[in-house]
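Novice: sequence and predicted structure are below.
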Amino acid sequence: MANTQAFPKNKVAGVKRLPRGRHNNVQLLLIQSVDHVGKQGDVVEVKHGYALNYLIPQGLATIATDHHKRMVDKHKAKLQDIHNARMAGLRSLADQIARQSVTIEANANDEGHLYGSVGAQEIVAALKRNEITITTDQVRLKGVLKELGLYTVVIHIAQDIETELKVWVVPAVTEEEGKEQAKAK
């Protein structure tokens, strides 16, 4: 005799039914962020076919069990701790920069107009001499500095962290002037 086993209505060929959400769609936990669906760690509801034919086989989602949710919560907590530590370090860097004042020597005429200009690269180099490392795209100038004087420059450290730096642009000392100053001392 042939083995004719009747499957219960909630099981199909040995596969458990996927959990349903409020809108009678399949409830899944996203392993990776998926455009137009959700971010990593979100519990989302999607159509049955989309879940079975794309998200689960591609490894983008898994069944939203309590165990998986706890694992994701622990992972999110670790990531949040790492993010908080990074932001604290960036805030301390911003405080350190705010306490700084850099001096940049440039060639200028008698009226105080520079022959060239002072830009972000010169400011980054001056900070590097003080053992502070930033990139040129973090320096927010409203234009190049073309005259001698004191300028307040905004330094963009991170998304919500900005600070101000005092930049002194002074005339460059020539070799002759340096020798005269050395004799005067």
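Specialist: The structure has been received and is ready for your questions. Numbers count the residues shown, from 1 in each chain.

Novice: give me the packing partners of the longest helix along the chain, helices and strands only.
Specialist: When the chain is parsed with DSSP state H, its longest helix is helix 66-98. Judged by 3 or more Cβ pairs under 8 Å, 6 or more residues apart in numbering; DSSP states H and E, helix 66-98 is in contact with strand 26-30, strand 149-158, strand 161-171. For the C-beta atoms, the positions are set from N, CA and C on the backbone; glycine is no exception.

Novice: just name the most buried of the ones you listed.
Specialist: Neighbour counts (mean count of other Cβ atoms under 10 Å) averaged over each of the helices and strands packed on helix 66-98 peak at strand 26-30, with a mean of 22.

Novice: tilt between the longest helix of the chain and strand 161-171?
Specialist: Helix 66-98 and strand 161-171 are oriented at 20 degrees to each other (axes from the mean of the first three to the mean of the last three Cα atoms, to 10 degrees).

Novice: after helix 66-98, next one along is what?
Specialist: The helix or strand immediately downstream of helix 66-98 is strand 101-106, counting by DSSP states H and E.

Novice: that following strand: which residues count as buried?
Specialist: 102, 104, 106 (16 or more other Cβ atoms under 10 Å).

Novice: what does stretch 105-113 give?
Specialist: Of all the residues in stretch 105-113, those buried under the rule 16+ other Cβ under 10 Å are 106, 108.

Novice: so what's residue 167 up against?
Specialist: By Cβ atoms under 8 Å, 6 or more residues apart in numbering, the contact set of residue 167 is 101, 102, 104, 118, 123, 126, 145, 150, 151, 152, 153.
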